[in-house]
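Chemist: prediction below, plus the sequence it came from.
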Amino acid sequence: MPWLRRIAFYAALLAVWEVVARSGLYPPYLLPGPIEVLATLWSGLAQGLFVTGTLVSLRRLAVGYAISLVIGLALGLLIGRVKWLEETVGSLVLGLQALPSVCWLPLAILWFGLNERAIIFVVVMGALFSITLGVEAGVKNTPPIFLRAARTLGARGPSIYSQVVLPAALPAILGGLKQGWSFAWRSLMAGELLYFTLSLGNLLQSGRDLNDAAQVMAVMLLIIFVGVAIDRIIFAPIERRVRDRWGLTG
Amino acid sequence: MLEHATGVAATARQDTIMTAASGGIPLSIQQVSKQFTTRAGLLTALESTSIEVAAGEFVCLLGPSGCGKSTLLSIIAGLDQPSGGLVAAAGQPISGPGTDRVLLFQEAALFPWLDVQHNVEFGLRQRGVSRKERAVIAHGLIERVHLQGFERSFVHQLSGGMRQRVAIARALALNPAVLLMDEPFGALDALTRDRLHSELEEIWSATHKTIVFVTHNVREAVALGDRVLVFSPRPGRIIADFRIELPRPRSLDDLALAAQAAQITATLRAAMGDDLNTRR
Ligand SMILES: Nc1ncnc2c1ncn2[C@@H]1O[C@H](COP(=O)(O)OP(=O)(O)OP(=O)(O)O)[C@@H](O)[C@H]1O
Ligand SMILES: [Mg+2]
């Protein structure tokens, strides 16, 4: 019964945390107990502050990710199919992928100012290269037999890409999409630390400014929760579907 | 009411697919040869080969591994260019793939991201046939290859024989005049293979399509073909052209069939023996 073990584990963890927090080893404004953190989380949500912050961050993530998705699909397809693009643009993408995307933030702020455009730029830079490389890998590894079958069945031009190359590459693309989202999420949180408008990252920062460790921890919990939820609600079902179709299960 | 009318039209169309009296077209393979440039240099896969296939004829290509049978078939399909010579279908030189000639592969090559029905519909979708009409045609063909009930199954859920049936239905959906079959039953057990032989023979006698069928199996070739062409080892060329006059439907256990097969096997052996001798 793995779930029973899991519940027991988390219960023990919370209990130890509460005991240590109450022991007086550390001052409560540095190490609040789980009860206080959960209470802060609850009141933050109830007041709407955390809800609004989460929505702002999610909106940025969605806009940035959507842009990366469109550009990444096109770019990955081109790099995967055109030899000279692979040798040129492909190597550039590989290089840029090595750069943690939050490193773009100073430049983005110089270019765009400390505003929405700069932070979305950073999100795009976080997701774009992973998505591009995932699509490229998938497209390059498309078994030629699928292309031959499609051609003998009368597929031509763009529909070969939309109906054969992309679906055939889907398992590999999905890997890139997942990595892209997690990079984008990380760089968004890092970037928001510098921002003054309400958002998840900004709530972390303001918790620090107020010396309020309970708020910092509550927002951290919220960030974990949102991350896990996106994985479970968006990516897990897609992955399951692909695995079922292709028969990739175990 | 409207729906009903479309249904009827589509069914009528599907009937014409299954019973078209003059389905096949002649193929003319004129001095087709193929060289590949490999790292080791120029490799001749197929020597200049000429074959005339009559409309509606069932021709089997037989030969040792590597003699260029698959190469020739993909050239006829228009998926590869010959190094020399030309292929004409119904008198017209071909210049690429065309849905008058559909190639079937040994590995079935079904699309794993589509279920059975959508695999069968694939070619029709490329042709711009409406969703509803596609479904009707696919339904009829899935029944034709005895897979009703598996419309929603995915490729990995099917046995090898079922996959080949889907591949056949997928090709038939386009109602091609020519079926090019590259060892489609090579990986199947003897019983399944037998059953698919008779199903293929049924389809062929109902549609009179031209069929070019590649196999390693001499008995399979004799059981199915009007003609059996025997290739030499690589570089391939045709060394014998047997006309099989046995009455249909043929049985693999038939003595006359076995005798024919023995004769062809002897030819094949001699060709391979020659090859061994020259190599020594
Ligand atoms: N794309 C290619 N590049 C280089 N050589 C090739 C290529 N395709 C085939 N060949 C070579 O051409 C020869 C003929 O290949 P082909 O696949 O047509 O043989 P086959 O008669 O179908 O054999 P089998 O019965 O094993 O399927 C082989 O020696 C093969 O190695
Ligand atoms: Mg072959």
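Modeler: Okay, I see it. Numbers count the residues shown, from 1 in each chain, chains lettered A, B, ... in the order given. Ligands and ions are numbered 1, 2, ... in the order given.

Chemist: neighbours of residue 85, how many?
Modeler: Went with chain A since none was named. 15 (other Cβ atoms under 10 Å in any protein chain shown). (Glycine included, C-beta is placed from N, CA and C.)

Chemist: other chain: chain B
Modeler: Using other Cβ under 10 Å, B:Gly85 is surrounded by 16 other residues.

Chemist: next: A:Ile79.
Modeler: By the measure other Cβ under 10 Å, the count of residues near A:Ile79 is 26.

Chemist: got it, and A:Gly247?
Modeler: The burial count for A:Gly247: 12, using other Cβ under 10 Å.

Chemist: quick one: residues contacting the closest residue in space to A:Ser101 that isn't next to it in sequence.
Modeler: With Cβ to Cβ, 6 or more residues apart in numbering or on different chains as the criterion, A:Ser101 has its nearest non-adjacent residue at 3.7 Å, and that residue is A:Gly126. Applying Cβ atoms under 8 Å, 6 or more residues apart in numbering or on different chains, we find A:Gly126 in contact with A:64, A:68, A:101-102, A:180, A:183-188.

Chemist: hang on, A:Val164 packs against A:Ile145?
Modeler: No. Counting by Cβ atoms under 8 Å, A:Ile145 is not a contact partner of A:Val164; they are 10.8 Å apart.

Chemist: higher neighbour count, these two?
Modeler: The residue with more neighbours, out of A:Val164 and A:Ile145, is A:Val164; 21 against 13, by other Cβ under 10 Å.

Chemist: where exactly do the strands run in chain B?
Modeler: All strands of chain B, identified by DSSP state E, fall at B:27-38, B:41-53, B:58-62, B:84-89, B:92-93, B:101-104, B:178-182, B:210-215, B:227-231, B:238-243.

Chemist: closest one to chain A among those strands?
Modeler: strand B:101-104 (4.3 Å; Cβ to the nearest Cβ).

Chemist: A:Leu248: which element?
Modeler: If you go by DSSP states H and E, A:Leu248 is not part of any helix or strand.

Chemist: how about the nearest residue to it, chain neighbours excluded?
Modeler: Nearest residue to A:Leu248, sequence neighbours excluded (Cβ to Cβ, 6+ apart): A:Pro171, at 6.9 Å.

Chemist: that neighbour - that's part of a strand, no?
Modeler: No. Assigned with DSSP: H, G, I helix; E, B strand; the rest coil, A:Pro171 falls outside any strand and is helix.

Chemist: the residue of chain A most remote from its centre: what's it in contact with?
Modeler: Relative to the mean C-alpha coordinate of chain A, counting by Cα atoms, centre = their mean, the farthest residue is A:Thr152 (40.0 Å). Taking Cβ under 8 Å, 6+ apart, we find A:Thr152 in contact with B:77-79, B:97, B:101-103.

Chemist: if we go to 6 Å?
Modeler: The contact partners of A:Thr152, taken as Cβ atoms under 6 Å, 6 or more residues apart in numbering or on different chains, are B:77, B:97, B:102-103.

Chemist: nearest residue to it other than its sequence neighbours?
Modeler: B:Leu103 (4.3 Å).

Chemist: what is the neighbour count of the one you found?
Modeler: Residues near B:Leu103, counting by other Cβ under 10 Å, number 26.

Chemist: what about it, distance to ligand 1?
Modeler: Distance, B:Leu103 to ligand 1, using Cβ to the nearest ligand atom, to the nearest Å: 12 Å.

Chemist: list the contacts for the closest residue to chain B within chain A?
Modeler: Distances between chain A and chain B by Cβ to the nearest Cβ are smallest at A:Gly247, namely 2.6 Å. A:Gly247 is in contact with B:His156, counting by Cβ under 6 Å, 6+ apart.
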